[in-house]
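>>> Coordinates for the following, if possible.
(one chain, ligands or ions: 1)
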Amino acid sequence: MLRCCTVCCGAQDGGSPREKSFLLTSEWYTEAVIQMDRAVRRLEPWKIAVIVVSVIVGLALIIGLITFLLCHDQDRYYNASFLITNVDYNPQYERQTTEEFRNLSEDIETMISEIFRGSFLSKRYIRSHVVTLSPDPVGVLASVVLVFKFPSADSEEATWGQVNRVLLRRLRATSTFLNVDQSTIKLTELNKEKGDNLLNNCCGIRRQAFSSFTGVERITGGQGAREGEWPWQASIQQDGTHRCGASIISNTWLVTAAHCFREVKDPRRWTASFGILLRPPKQRKLVRRIIVHERYSDLLTDHDNDVAVVELASPIEFTSEVHSVCLPEASHVFPNNASCFVTGWGALENDGYSVNLLRQAEVRIISTEICNRRQVYGGAITAGMVCAGYLDGQVDACQGDSGGPLVNANSRGIWYLVGIVSWGDDCGKPNKPGVYTRVTYYRNWINSKTGI
Ligand code: 4AZ
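Presented below is the predicted three-dimensional model:
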């Protein structure tokens, strides 16, 4: 068609400058098309195929990217607050780790989960987490963070409206023993930073869901951890070298084993690092103060009172990958055979080297009665210790894991510190499970030193 036009226009020599310019452009274009035509004819078929495939792949990538940007899911956070009128306020609700806070929070979270799981938002609902329970003249005011996944293309107003509607309608219709005053329900959208902050400031929360595995490995040679899986794990390092594990219990305090400081007690020679890799860590802090249990003795080999707290020189910045574990109340009892996880950068075998990637292993609590049997530890286990592992051996903590956490998740999926890696006869030997400092036994001591 262009060629035809050029031929027609070419007959009118001496036309206006505009016509001349059009003529020149048309001729240039015609020439370009002829050249391209020749070039294409010169191309071998396989080259044409490569060009066609590249163009198709390029287009597919662009379409995929646009679809991803429009349709991919995004976490949306909300704060729901409401008044519960048939529960009297109890001062124990002030602290997140009390049994009272735990029990009421579990009831509230179950109620909210049932509401959303039974609604059209069931696939969008991720979790709810009670952050505060405050006093009110007629009951308890609950503040709950709700997390949903919505396509990023969905407008904020629309999704807020959907969540609000379901919450209002179903709270009215759901029969639960909690009496919620409908007129007090308030739902506000939180931006990601605020939502993350609220959740990261709650102890014992793991942000992503990590599938459990059948833990038949010891930390030695066991399963590598993923970022954010054990966010309370710290490494304490003497002159820059990993010596022990530790657990974050607040943004300025760690808890660890006293025996880590047997040789060097000067805080200026110690640092703490956070994140699953020793090198490079997510964060690193200087140590201000080390408080070793007064009755721990470097000279004795009875391993009693193997607990210390470490104060950091500046606060940790809490993120979903670095934040605290919950400390159990002194009265809490973790049952025998309860499933726990021990984590650390310790040796892969007795007298081996530390590893760079954090490892994890599932172990079970062994009763003190069994652990004190003649063929096990023959009476060496005292009230301040707890055994965990397997009498068959294989799965165990090892050197370098000392001071690190032994944790257990409650029914709300909140993780509590059960023990501190302390001692054992070798690693993974039959009838020689790991021995841990029993955190409930030292709970009041930890509080007396840190205020936590
Ligand atoms: C240690 O020497 C050590 N198998 C830690 C844990 C265990 C043994 C030794 C438990 O730090």
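>>> contacting residues for residue 264?
By CB atoms under 8 Å, 6 or more residues apart in numbering, residue 264 lies in contact with 238, 270. For the C-beta atoms, the positions are set from N, CA and C on the backbone; glycine is no exception.
>>> Over to it: give its phi and psi.
Main-chain torsions, residue 264, degrees, to the nearest 10: phi -120, psi 120.
>>> Residue of the protein closest to the ligand, please.
Nearest to the ligand in the chain, going by CB to the nearest ligand atom, is residue 424, at a distance of 2.7 Å.
>>> and that residue, how far is that from residue 438?
Distance, residue 424 to residue 438, by CB to CB, to the nearest Å: 15 Å.
>>> Same check on residue 57?
As for residue 57, its distance to residue 438 is 60 Å (criterion: CB to CB).
>>> So which of the two has more stuff around it?
Legend: neighbour count by other CB atoms under 10 Å for residue 57 and residue 438, higher for residue 438 (23 against 10).
>>> Surely that one and residue 388 touch.
No: in this structure, residue 438 is not within contact of residue 388 by CB atoms under 8 Å, at 10.4 Å.
>>> Which residues are in contact with each of these two?
Taking CB under 8 Å, 6+ apart as the contact rule, residue 438 and residue 388 both touch 418-419.
>>> Show me which residues of the protein sit near the ligand.
Contacts of the chain with the ligand, taken as CB under 6 Å from any ligand atom, map to 396-399, 401-402, 421, 423-424, 427, 434.
>>> mean confidence score for the helix or strand encompassing residue 134?
Using DSSP states H and E, residue 134 sits within strand 125-136. For strand 125-136, mean pLDDT rounds to 96.
>>> buried residues in it?
For strand 125-136, the neighbour count (16 or more other CB atoms under 10 Å) marks 125-133 as buried.
>>> Chain neighbours aside, what residue packs nearest to the residue of the chain closest to the ligand?
Leaving out its chain neighbours, the residue that sits closest to residue 424 by CB to CB, 6 or more residues apart in numbering is residue 434, at 4.7 Å.
>>> Neighbours of residue 372, how many?
For residue 372, the count of nearby residues is 16 (other CB under 10 Å).
>>> Next, the contact list for it, please.
378-381.
>>> That one and residue 431, how far apart?
Using CB to CB, we find residue 372 at a distance of 12 Å from residue 431.
>>> can you list the residues that contact stretch 95-102?
The contact list for stretch 95-102 (CB under 8 Å, 6+ apart) reads 90, 92-94, 105, 130, 133, 202-203, 326-329, 331-332, 410, 412, 414, 416.
>>> Show me the residues you listed that map onto helices.
residue 105 (DSSP state H).
>>> Can you select the buried ones from the contacts of stretch 95-102 in ChimeraX?
Of the contacts of stretch 95-102, the buried ones go into a single ChimeraX selection, burial set by 16+ other CB under 10 Å:
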select :92,93,105,130,133,202,203,326,327,328,329,332,412,414,416
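>>> immediately after the helix or strand residue 199 falls within, which helix or strand?
Secondary structure assignment for residue 199, by DSSP H and E: helix 192-200. Later in the chain than helix 192-200, the nearest helix or strand by DSSP H and E is strand 223-224.
>>> Would you pull up how far that following strand lies from the middle of the chain?
On the basis of CA atoms, centre = their mean, to the nearest Å, strand 223-224 sits 16 Å off its chain's mean C-alpha point.
>>> List the neighbouring strands of that strand plus their orientation.
Using DSSP bridges, strand 223-224 pairs in its sheet with strand 359-366 (antiparallel).
>>> how far is the strand it pairs with from where the chain is centred?
In this view, strand 359-366 has its centroid 19 Å away from the chain centroid, taken as CA atoms, centre = their mean.
>>> next one: stretch 393-403
Using CA atoms, centre = their mean, the distance between the centre of stretch 393-403 and that of its chain works out at 23 Å.
>>> Just the endpoints, please. Distance across that stretch?
End-to-end span of stretch 393-403 (CA to CA, to the nearest Å): 21 Å.
>>> where do the helices sit along the protein?
In the chain, the segments counted as helices under DSSP H are 2-10, 17-42, 45-71, 99-117, 156-173, 192-200, 368-371, 443-450.
>>> In a markdown table, list these along with mean pLDDT and distance to residue 349.
Output for these, formatted as a markdown table (pLDDT from 0 to 100; distance: least, CB to CB, whole Å):
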| stretch | mean pLDDT | distance to residue 349 |
| --- | --- | --- |
| helix 2-10 | 32 | 78 |
| helix 17-42 | 66 | 66 |
| helix 45-71 | 82 | 45 |
| helix 99-117 | 94 | 39 |
| helix 156-173 | 92 | 51 |
| helix 192-200 | 93 | 36 |
| helix 368-371 | 98 | 22 |
| helix 443-450 | 98 | 32 |
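>>> Turn those helices into JSON lines, columns for distance to residue 356.
Below are those laid out as JSON lines (distance: least, CB to CB, whole Å):
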{"stretch": "helix 2-10", "distance to residue 356": "65"}
{"stretch": "helix 17-42", "distance to residue 356": "54"}
{"stretch": "helix 45-71", "distance to residue 356": "33"}
{"stretch": "helix 99-117", "distance to residue 356": "36"}
{"stretch": "helix 156-173", "distance to residue 356": "41"}
{"stretch": "helix 192-200", "distance to residue 356": "25"}
{"stretch": "helix 368-371", "distance to residue 356": "32"}
{"stretch": "helix 443-450", "distance to residue 356": "30"}
